[in-house]
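Student: Show me how the following folds:
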Amino acid sequence: MRPPSIQIQSVLDTFGRQGWQCELVEGRDVLRTGFEAHHTRIHLHAQAFPELNALSVVTETPMEVDEDRLGMLLELLARANKQLTLGSAEYDIDRSQLMFRLTNLFEREKYDPDIVSSMVHCAIAELDRLTPYAAIIRDTPADLLDDLSIDRLLMREDLIPPVPGEEEDEF
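Tutor: Here you go, the predicted structure:
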């Protein structure tokens with residue numbers, strides 16, 4: 001077995017400093033872990049591409065949708081992607097997984113730990129933000145699907161998870 005690359009080792013070090021448990025996939029520059037987010041359990045993998053000095057962080061959570069709702073789910077993700085500056089939301093039809101993917105190119109072989117941490121936080125937050133919208137599409141009765149507006153659904157702020165540390169103090 002070959003040793004981990006400098007790039008994935010720097011990601012391992014960042015995860016360790018953050019106290020995030022993870023496992024290195026044997027023979028690959030890939031880390032796997034999981035997080036409990038506000039709305040769902042999120043599986044995360046981070047893959048280093050040493051030749052490019054790139055890191056890709058992918059989060060996913062199971063989301064079964066039937067054929068009648070698949071088009072609406074894909075529309076939801078397309079509309080959500082238009083609002084994003086970084087990364088993209090996806091749906092893996094074959095595995096029924098809601099996903100978010102974020103990639104960054106680094107200047108140095110040892111990746112900046114602040115950027116790596118931000119990528120992880122962003123990928124988790126974006127997938128957690130999209131999960132309740134997708135669940136509404138999945139759970140809407142078939143006879144009401146024609147009345148469901150994806151545009152209006154995305155405007156619902158009551159479904160957005162709170163930002164840690166920004167909750168207002170109640171007196």
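Student: Which positions in stretch 139-159 come out as buried?
Tutor: Neighbour counts over stretch 139-159 (16 or more other CB atoms under 10 Å) mark 140, 150, 153, 154, 159 as buried. Backbone N, C-alpha and C define where each C-beta goes, glycine included.
Student: Now do the same contact list for residue 116.
Tutor: 10, 11, 14, 46, 55 (CB atoms under 8 Å, 6 or more residues apart in numbering).
Student: Could you rerun that using 7 Å?
Tutor: Listed by CB atoms under 7 Å, 6 or more residues apart in numbering, the contact set of residue 116 reads 11, 14, 55.
Student: Compile these into JSON lines and extend it with columns for neighbour count and secondary structure.
Tutor: Below are the contacts of residue 116 laid out as JSON lines (neighbours: other CB atoms under 10 Å; DSSP: H, G, I helix; E, B strand; the rest coil):
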{"residue": "11", "neighbour count": "27", "secondary structure": "helix"}
{"residue": "14", "neighbour count": "22", "secondary structure": "helix"}
{"residue": "55", "neighbour count": "25", "secondary structure": "strand"}
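Student: The closest residue to residue 28 other than its chain neighbours: neighbouring residues, count only.
Tutor: Take residue 28 and drop its neighbours on the chain: the residue closest to it by CB to CB, 6 or more residues apart in numbering is residue 47, 7.6 Å away. Neighbourhood size, residue 47 [other CB atoms under 10 Å]: 19.
Student: and which of the buried residues of stretch 139-159 is nearest residue 104?
Tutor: For the buried residues of stretch 139-159, the minimum distance to residue 104 (CB to CB) is 25.7 Å, reached by residue 154.
Student: does the nearest residue to that closest one once chain neighbours are set aside count as helix, strand or coil?
Tutor: Leaving aside its sequence neighbours, residue 154 sits nearest to residue 79 (CB to CB, 6+ apart; 5.9 Å). Using DSSP: H, G, I helix; E, B strand; the rest coil, the structure places residue 79 in helix.
Student: Could you pull out the helices in this protein for me?
Tutor: 6-18, 67-82, 113-139, 150-154 (DSSP state H).
Student: counting contacts, what elements does the shortest one pack onto?
Tutor: The reference is to helix 150-154. Applying 3 or more CB pairs under 7 Å, 6 or more residues apart in numbering; DSSP states H and E, we find helix 150-154 packed against helix 67-82, helix 113-139.
Student: Residue 5: which of those is closest?
Tutor: helix 113-139 (14.0 Å).
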